[in-house]
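[1] Fold the following.
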Amino acid sequence: MLTGKEQGKKYTEQIFFELQAMPVESRRIIRLTFEYPGVKPTTIPCCLLKGDSASPRLWLEALIHGDEYDGALACLDFINNLDLHDLHGTVLVFPVINPTAFFAYQHGSPYDGNINLNRVFFENDNTGYSWEYGRFLLELAENLADFFIDYHGGSKLNDISRYCMVPNVGNEVDSYINDLARKCGLQYIFCDHNDQNGNTGRLIVALAKKGIPGILLENGGGIAWDKDCVERHVESVRYLMVETGFLKCGEHAPESGFYFEPEDYVYCEHDGLLLYHIPLGSSINKGDVCLKYMDVETGEIFEVTCPKDGCFVYCIHTAAVVRKGNFAMAYAKYPEGVMTP
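    Prediction:
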């Protein structure tokens, strides 16, 4: 059986051929198959949208985390409604880039213990399904993508604010992407130094290190997709496509957004039933109540409060049940010079 990298190389050559053979302003659905010993082959659908030429190529993906649904719906909206007459180059759309996680209704693949697929993209010799599948995806993306967009959102347990994540890897990609980030209609911009809380190995960082620019878009969450979140995801991609030249015409977003660094995650200290959570984006100060939940055995009410002044909530637990030791909220301090609402 071929390695993940070898399988990725095979499909790279096939997709190049497909794009050259496709008529201009046409669509085609293809299906990639990844094979790994001892498990059912994984089928990954991809829609090729060809505008006036086979290149440059935009890679648009969703559901690298299998329980972040809004991005997948945004991909489908994009496939169905993009006017190919306006498209310069080609877009490769992957609505479900991590199918085994999606069908398991969880963040990562069930084949190797729910590993976070978006943490495997660094130089390593780790073994297992997700690690080899990561090598497969990286081989494809680094050879096919001239620009990379990765849709994300909250999981089935939490909602997340609308923001983008940009890589900071110390090469020419940094300044280009940081400039673009202020032109995609977002309030918040998170700069990924690839070292926050051990969260290394994101695909966007691996590609940036190879000189391929990209942006990670966050929005949505919960056990169902949200129409407004889907529309905002689509809007951000269209803004980015105008700025990068993939769309020949379209609106430009007003330059906006401020950079933030995550301050901390706060966790639940007891099991319970969620009673209240603060709205996303709320300005908070030390002692402000962000979450309330009840111990169903004792009836005792517990509160999760903000530990610092001058902060805002960018992610919050929204599932009906909370578990001891699980994520409750994430907050960040407003940058110096940014006025709180």
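
[2] The most far-flung residue of the chain relative to its centre in helix, strand or coil?
    Here the centre of the chain is the reference, and by C-alpha atoms, centre = their mean the most remote residue is residue 298, at 39.2 Å. Classification of residue 298 by DSSP: H, G, I helix; E, B strand; the rest coil places it in coil.

[3] The one 5 residues further on now?
    At residue 303, secondary structure determined by three-state DSSP is strand.

[4] Near the nearest residue to it once chain neighbours are set aside, how many other residues are there?
    Nearest residue to residue 303 in three dimensions, chain neighbours excluded: residue 289, at 5.0 Å (C-beta to C-beta, 6 or more residues apart in numbering). Glycine gets a C-beta too; all of them are placed from N, C-alpha and C. The number of residues packed near residue 289 is 13, by other C-beta atoms under 10 Å.

[5] do the same with the one 5 residues further on
    If you count neighbours by other C-beta under 10 Å, residue 294 ends up with 16.

[6] what do you get for residue 27?
    15.

[7] Next, the residue nearest to it when sequence neighbours are not counted: phi, psi?
    Leaving aside its sequence neighbours, residue 27 sits nearest to residue 49 (C-beta to C-beta, 6+ apart; 5.6 Å). Torsion angles at residue 49 (phi, psi; degrees, to the nearest 10) stand at phi -110, psi 110.

[8] so residue 49 sits right up against residue 91, yeah?
    Yes. The pair residue 49 / residue 91 is scored as a contact, 4.3 Å apart, by C-beta atoms under 8 Å.

[9] In terms of neighbours, single out the busier of those two.
    A count of neighbours by other C-beta under 10 Å puts residue 91 above the other of residue 49 and residue 91, at 26 against 21.

[10] Do I have it right that that one meets residue 60?
    Yes. Counting by C-beta under 8 Å, residue 91 does reach residue 60; the two are 5.9 Å apart.

[11] what residues are shared contacts of those two?
    Contact criterion C-beta atoms under 8 Å, 6 or more residues apart in numbering; residues bridging residue 91 and residue 60 by contacting each: residue 78.

[12] Sketch out the low-pLDDT regions of the stretch 101-250 of the chain for me.
    194-199 (pLDDT under 70).

[13] Helices of that one, start to end?
    Using DSSP state H, counting those that start in this stretch, the helices of the stretch 101-250 of the chain run over 129-144, 173-181, 203-209, 227-244.

[14] wait, which of the ones you listed is closest to residue 107?
    Taking C-beta to C-beta, helix 129-144 is the member of the helices of the stretch 101-250 of the chain nearest to residue 107, at 11.0 Å.

[15] I'd like to know which elements the closest one is packed against.
    Helix 129-144 is packed against helix 4-21, strand 26-34, strand 57-61, helix 203-209, with contacts defined by 3 or more C-beta pairs under 8 Å, 6 or more residues apart in numbering; DSSP states H and E.

[16] Just the C-alpha atoms of the second one, please, in PDB.
    So that's strand 26-34. Only the C-alpha atoms of strand 26-34 are listed here, as PDB (Å, rounded to 0.1, in the frame of the first residue of the first chain):
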ATOM      1  CA  SER A  26     -17.000  24.600 -15.900                       C
ATOM      2  CA  ARG A  27     -17.600  22.500 -12.700                       C
ATOM      3  CA  ARG A  28     -16.600  19.000 -12.000                       C
ATOM      4  CA  ILE A  29     -17.000  16.700  -8.900                       C
ATOM      5  CA  ILE A  30     -14.200  14.300  -8.300                       C
ATOM      6  CA  ARG A  31     -13.700  11.900  -5.400                       C
ATOM      7  CA  LEU A  32     -10.300  11.100  -3.800                       C
ATOM      8  CA  THR A  33      -9.700   7.900  -1.900                       C
ATOM      9  CA  PHE A  34      -7.200   7.600   0.900                       C
END
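
[17] Could you report the distance from residue 124 to residue 227?
    39 Å (C-beta to C-beta, to the nearest Å).

[18] quick one on the thing from earlier: how far away is the residue farthest from the centre of the chain from residue 270?
    For residue 298 relative to residue 270 (C-beta to C-beta), the value is 9 Å.

[19] Also residue 209?
    For residue 209, the distance to residue 270 (C-beta to C-beta) stands at 42 Å.

[20] quick one, which of the two is more surrounded?
    Neighbour count, other C-beta under 10 Å: between residue 209 and residue 270, residue 209 has more, with 18 against 15.

[21] give me phi/psi at the nearest residue in space to residue 193 that is not next to it in sequence?
    Spatially, and ignoring its direct neighbours in sequence, residue 193 is nearest to residue 168 (5.2 Å; C-beta to C-beta, 6+ apart). Main-chain torsions, residue 168, degrees, to the nearest 10: phi -140, psi 90.
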